[in-house]
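Visitor: for reference, the sequence and a predicted model appear below.
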Amino acid sequence: MAAWHVWGVASGETSVEAQDHEHYRKIAKRRGEDFVNSYDLGKRKNLELYFNVGKDGYPLWTLLFPFRAEPYTDGYSWARPKGLERHKGVRVGEELTDDEGDE
């Protein structure tokens with residue numbers, strides 16, 4: 001199970017997003033488009049950001065010792081590739097949400 005979650009982190013998605021992204025891939029494929037996760041910066045960079053290690057964070061050896069380390073983000077905004085403000089291959093209105101439309 002740990003390996004599955006590490007793979008999710010490396011892919012830049014949560015377990016819920018993994019299910020959503022599979023749905024988006026199918027929709028995009030039917031249109032002949034590719035789905036691109038707008039939070040996927042590459043496996044290595046995703047892991048570096050998650051653990052806040054590497055060039056812009058703490059040294060790698062800090063993963064071996066339990067101590068408090070500040071996250072790289074405030075928890076509200078996350079790194080995205082330049083020029084990718086939303087997922088590619090998903091059109092407005094196709095996003096899966098928890099909104100029941102009670103507005």
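Guide: Done, it's in.
Visitor: drop to CA atoms for contacts and neighbour counts, all remaining ones
Guide: Will do.
Visitor: what's downstream of the longest helix anywhere in the chain, the next helix or strand?
Guide: The longest helix of the chain (DSSP state H) is helix 15-30. For helix 15-30, the succeeding helix or strand toward the C-terminus, using DSSP states H and E, is helix 43-51.
Visitor: neighbouring contacts of that next one?
Guide: For helix 43-51, the surrounding residues in contact (Cα atoms under 8 Å, 6 or more residues apart in numbering) are 9, 10, 11, 12, 40, 54, 57, 63, 71, 72.
Visitor: now the spatially most central residue of the chain: closest residue in space that isn't a chain neighbour?
Guide: In the chain, the residue lying closest to the centroid (Cα atoms, centre = their mean) is residue 12, at 2.6 Å. Closest residue to residue 12 apart from its sequence neighbours, by Cα to Cα, 6 or more residues apart in numbering: residue 40 at 4.7 Å.
Visitor: make sure the one you found is actually in contact with residue 14.
Guide: No. Contact criterion Cα atoms under 8 Å: residue 40 and residue 14 do not qualify, at 11.3 Å.
Visitor: give me the more crowded residue out of those two.
Guide: The residue with more neighbours, out of residue 40 and residue 14, is residue 40; 18 against 13, by other Cα atoms under 10 Å.
Visitor: which phi and psi does the more buried one have?
Guide: Residue 40 has phi and psi values of phi -90, psi 110 when expressed as degrees, to the nearest 10.
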